[in-house]
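**Student:** Show me how the following folds:
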Amino acid sequence: MKKKLIVLAMFLALVLVLTGCACEHEWVEATCLTPKTCSKCQEVEGEALGHTWVDADCVTPKTCSVCAATEGEALG
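**Tutor:** So this is what the prediction gives:
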């Protein structure tokens, strides 16, 4: 009897691992810095998008066209 319970528990654990969490995900789309993330259980899917840089010019530093992050300095 005890052996059957152990086997049943292992089977149930395997089923949970293979099917993922039982959450009905509410996904928040990926950004430059964060991957697609469920707002309920924090599960992530994929990777962050990364910045889409526009080169620096005389008055503005290198700037991400998606999130407006900047890097470096304007060329002057």
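**Student:** hey, let's count contacts and neighbours off CA atoms from now on
**Tutor:** Will do.
**Student:** Downstream of the lowest-mean-pLDDT helix or strand in the chain, the next helix or strand is which one?
**Tutor:** Using mean pLDDT, DSSP states H and E, helix 2-19 stands out as the lowest-scoring helix or strand of the chain, at a mean of 73. Per DSSP states H and E, helix 2-19 leads on to strand 27-28 as the next helix or strand towards the C-terminus.
**Student:** other SSEs contacting that following strand?
**Tutor:** strand 36-38 (3 or more Cα pairs under 8 Å, 6 or more residues apart in numbering; DSSP states H and E).
**Student:** Past the strand it packs on, which element shows up next along the chain?
**Tutor:** Counting by DSSP H and E, what follows strand 36-38 is strand 44-45.
**Student:** Give me the below-cutoff pLDDT ranges for this protein.
**Tutor:** The model of the chain has pLDDT under 70 over residues 13, 15-20.
**Student:** cutoff 80 now
**Tutor:** In the predicted model, the chain carries pLDDT under 80 at residues 1, 4-5, 8-9, 11-22.
**Student:** Give me the residue at the spatial middle of it.
**Tutor:** Residue closest to the mean C-alpha point of the chain, counted by Cα atoms, centre = their mean, is Pro35 at 2.3 Å.
**Student:** quick one: contacts for that residue?
**Tutor:** Shown in contact with Pro35 (Cα atoms under 8 Å, 6 or more residues apart in numbering): 29, 44-49.
**Student:** from the residues you listed, which is closest to Ala22?
**Tutor:** Distance to Ala22, by Cα to Cα, is smallest for Val44 among the contacts of Pro35, at 14.4 Å.
**Student:** quick one: that closest one from Thr63, how far?
**Tutor:** 27 Å (Cα to Cα, to the nearest Å).
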